[in-house]
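1. Below: sequence and its predicted model.
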Amino acid sequence: MTESVPRYTAREAIDLITSGFTELTEPVEPASPASSVGPVGPVRKYGPDGPLSWQGYDASRARAAARTGEEESVVCGTATVGGTATVLISFEFGFLGGSLGERTGDRLEAAHAYAREHRLPVVSLVATGGSRMQEGMRALVQLQRVARQSTLTREAGLPQIAVLRDPTTGGGWATLGAGADVVLALPGAQVGFAGSRVRPPEADPAAYTAEAQLAAGAVDAVVPPAELPELLGLWLHLLTHSSAEPVPPPPAPAATDLPATGWEAVDNARSSQRPRATAYLDAHFARRAAISGDRCGGTDDGMLCGFGVLKDGGRTVAYAAQTGTATRPAGYRTAARLIRLADRLRIPVLTLVDTPGAANDAEAERQGAGAAIADVFGAVAAAGTPLTTLLIGEGGSGGALALAAPDNTWATPDSYFSVIAPELAAAILKRPPEEVRATADQLSIRPQDLVDLGVVRGIVEPLKSPS
């Protein structure tokens with residue numbers, strides 16, 4: 001940590017996002033064996049110095065309590081954040097490094113149980129160094145217990161958001177942090193599985209930061225403290241408003257005549273003047289928040305994913321939008337992540353298809369292009385929430401089809417969809433370059449052809465100007 005990165009106490013972190021907080025009472029009832037993994041039971045009553053009789057542990061706890069005013073390394077309660085009632089979990093790093101012990105596990109389990117009982121989202125303000133050494137393996141197995149609670153909350157259809165403070169390392173990062181649906185981080189926060197005292201001596205400290213985790217696809221956004229209340233409130237609103245109705249396809253931002261030939265359709269779709277995904281998103285959504293990264297080490301700027309509030313009707317809709325570039329494996333994995341999250345929260349999905357095809361360079365193959373595309377096909381096929389697709393530009397082969405909703409795909413007048421690009425089709429058929437245009441016609445790739453073939457439901461009208 002540098003001097004410029006503040007370390008907030010548990011209650012200071014809570015005060016960053018809400019002015020009202022009601023602490024949950026200390027858990028007193030034994031936990032159900034079916035709801036946890038590892039040691040369970042009432043509030044822990046130990047002999048001297050804890051479960052391992054670690055010399056000086058009681059004194060360390062007493063000093064930590066006197067210094068912080070807390071009885072444990074985590075504070076749990078309820079609050080309203082941006083208008084949404086929420087269960088808050090806030091770590092106190094000053095209490096033995098925010099470490100997880102058995103009593104921490106008791107509190108975390110009680111917080112998640114309360115969230116499920118009252119149908120509330122969970123926000124974790126994480127600052128921890130990992131599991132508590134003085135409790136040995138009895139502390140480490142709390143990670144299984146926390147993972148179980150997070151899974152039960154996820155299965156209940158409730159969203160979980162993590163805010164990473166400085167530092168977030170060890171098992172706390174690998175469960176409550178990285179395991180959340182949306183991961184936000186404060187600038188400069190130390191974030192990584194390995195804490196500063198256990199890394200290899202030659203390790204680059206810059207790799208263990210919030211910014212590095214954002215670049216690696218493990219964090220959705222790095223957010224200055226002053227902006228955190230508004231963004232967190234937006235995320236809570238977006239993820240707690242479900243809908244059973246499919247989203248209508250957006251109108252085209254500009255009027256375009258239907259193409260007369262297949263090659264004209266290609267020209268229209270490849271035109272630099274054609275509206276791109278951001279134009280559709282800006283016109284369609286009043287507010288939106290983006291997710292970033294595939295959680296496997298990668299990001300793709302050519303795939304825009306997130307949730308937004310529609311201008312028309314105010315509903316929450318998830319979106320995955322290609323931007324006209326060859327989609328990278330990380331882009332497909334991010335889209336699959338988005339679709340599965342929206343499906344679990346019962347939020348309709350809008351996909352905007354616009355790609356010449358999946359990236360097919362050697363690096364894309366090394367990053368698992370085929371598996372990533374298969375992941376999106378599977379997410380779309382399994383989704384119970386309604387999906388709507390609008391083809392807004394190039395629809396290049398399976399790399400485009402992976403994002404298309406079966407039986408609910410629409411097209412704009414300046415788009416095309418093809419089993420393969422006309423140039424590549426001509427090359428495979430060993431035709432000379434001058435036959436590319438004729439090949440485009442043979443492929444029946446114009447929007448009106450796609451309607452006739454039953455591939456798309458219809459062609460959208462242009463956006464009407466306010467009268």
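-> Good, I have the coordinates. Numbers count the residues shown, from 1 in each chain.

2. On the strand side of things, show who the closest residue to residue 304 other than its chain neighbours bridges to.
-> Spatial nearest neighbour of residue 304, excluding adjacent residues (C-beta to C-beta, 6 or more residues apart in numbering): residue 321 at 4.4 Å. (C-beta placed from N, C-alpha, C; glycine too.) Per DSSP bridges, the residues bridged to residue 321 are residue 304, residue 352.

3. from memory residue 321 sits against residue 352, does it?
-> Yes - in this structure, residue 321 is within contact of residue 352 by C-beta atoms under 8 Å, at 3.8 Å.

4. Need the residues touching each of these two.
-> 277, 280-281 (C-beta atoms under 8 Å, 6 or more residues apart in numbering).

5. Can you flag which of those belong to helices?
-> Secondary structure from DSSP state H places 277, 280-281 of these in helices.

6. give the contact list for the nearest residue to residue 397 once chain neighbours are set aside.
-> Nearest non-adjacent residue to residue 397, counting by C-beta to C-beta, 6+ apart: residue 357, 5.0 Å away. Contacts for residue 357 were tallied using C-beta under 8 Å, 6+ apart; they are 326-327, 396-400, 421.

7. Please render the shared contacts of residue 321 and residue 352 as CSV that adds pLDDT, neighbour count and distance to residue 140 to the earlier fields.
-> Putting these into CSV (pLDDT from 0 to 100; neighbours: other C-beta atoms under 10 Å; distance: C-beta to C-beta, whole Å) gives the following:
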residue, pLDDT, neighbour count, distance to residue 140
277, 97, 22, 45
280, 95, 24, 48
281, 97, 19, 44
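
8. From those, pick the one nearest residue 149.
-> residue 281 (35.2 Å; C-beta to C-beta).

9. doesn't residue 321 make contact with the closest one?
-> Yes - counting by C-beta under 8 Å, residue 281 touches residue 321, with 6.4 Å between them.

10. Find the residues that touch each one of the two.
-> 304, 352.

11. Let me know the helix or strand that residue 286 is in.
-> strand 285-291 (DSSP states H and E).

12. Which other helices and strands does the worst-scoring helix or strand of the chain on mean pLDDT contact?
-> One helix or strand of the chain scores below all others by mean pLDDT, DSSP states H and E: helix 170-172, with a mean of 89. With contacts defined as 3 or more C-beta pairs under 8 Å, 6 or more residues apart in numbering; DSSP states H and E, the packing partners of helix 170-172 are strand 122-128, helix 142-155.

13. what's downstream of it, the next helix or strand?
-> Immediately after helix 170-172, counting by DSSP H and E, sits strand 182-185.

14. now that following strand, how far from the centre of its chain.
-> Averaged C-alpha coordinates place strand 182-185 at 8 Å from its chain's average position (C-alpha atoms, centre = their mean, to the nearest Å).

15. ok, now stretch 46-62?
-> 40 Å.

16. Measure how buried the closest residue to residue 415 other than its chain neighbours is and give me the count.
-> Closest residue in space to residue 415, ignoring its immediate chain neighbours: residue 391 at 4.5 Å, by C-beta to C-beta, 6+ apart. Residue 391: 29 surrounding residues under other C-beta atoms under 10 Å.

17. Run me through the strand neighbours of the helix or strand containing residue 391, direction for each.
-> Using DSSP H and E, residue 391 sits within strand 387-396. On the basis of DSSP bridges, the sheet neighbours of strand 387-396 come out as strand 349-355 (parallel), strand 409-411 (parallel), strand 416-418 (parallel).

18. Which stretch among the ones you listed approaches residue 441 most closely?
-> When the strands paired with strand 387-396 are compared (using C-beta to C-beta), the closest one is strand 416-418, at 11.4 Å.

19. Low-confidence ranges, this structure, go.
-> Along the chain, the parts satisfying pLDDT under 70 run over 1-3, 28-44, 464-467.

20. Swap in 90 and give it another go.
-> 1-6, 19-20, 25-47, 170-171, 193-208, 252-256, 312-313, 461-467 (pLDDT under 90).

21. List the buried residues in stretch 275-294.
-> Of all the residues in stretch 275-294, those buried under the rule 16 or more other C-beta atoms under 10 Å are 275-277, 279-281, 284-285, 288-294.

22. sorry, back to before: could you identify the most distant pair in the contacts of residue 357?
-> Top of the distance list for those (C-beta to C-beta): 327 and 421, 14.4 Å.

23. Could you check which of those two has the larger neighbour count?
-> Legend: neighbour count by other C-beta under 10 Å for residue 327 and residue 421, higher for residue 327 (32 against 21).

24. Next one: that one from residue 233, what distance?
-> Distance of residue 327 to residue 233, computed by C-beta to C-beta, to the nearest Å: 32 Å.

25. And for residue 26?
-> According to C-beta to C-beta, residue 26 stands 29 Å off from residue 233.

26. How about residue 363?
-> Note on residue 363: its distance to residue 233, by C-beta to C-beta, is 39 Å.

27. Looking at those two, which is more packed in?
-> Neighbours were counted for residue 363 and for residue 233 using other C-beta under 10 Å; residue 233 has more, 18 against 10.

28. Relative to the whole chain's centre, how far out is stretch 412-426?
-> Stretch 412-426 sits 32 Å away from the centroid of its parent chain (C-alpha atoms, centre = their mean).

29. How far does that stretch stretch from one end to the other?
-> End-to-end distance for stretch 412-426, by C-alpha to C-alpha, to the nearest Å: 25 Å.

30. neighbouring contacts of the strand holding residue 286?
-> 182, 220-221, 231, 234-235, 238, 281, 304-311, 314, 317, 319, 334, 337-338, 341.

31. who touches residue 163 in this structure?
-> By C-beta under 8 Å, 6+ apart, the contact set of residue 163 is 13, 17, 123-126, 184-186, 223, 228, 232.

32. Regarding it, what is its secondary structure?
-> Three-state assignment for residue 163 (DSSP: H, G, I helix; E, B strand; the rest coil): strand.
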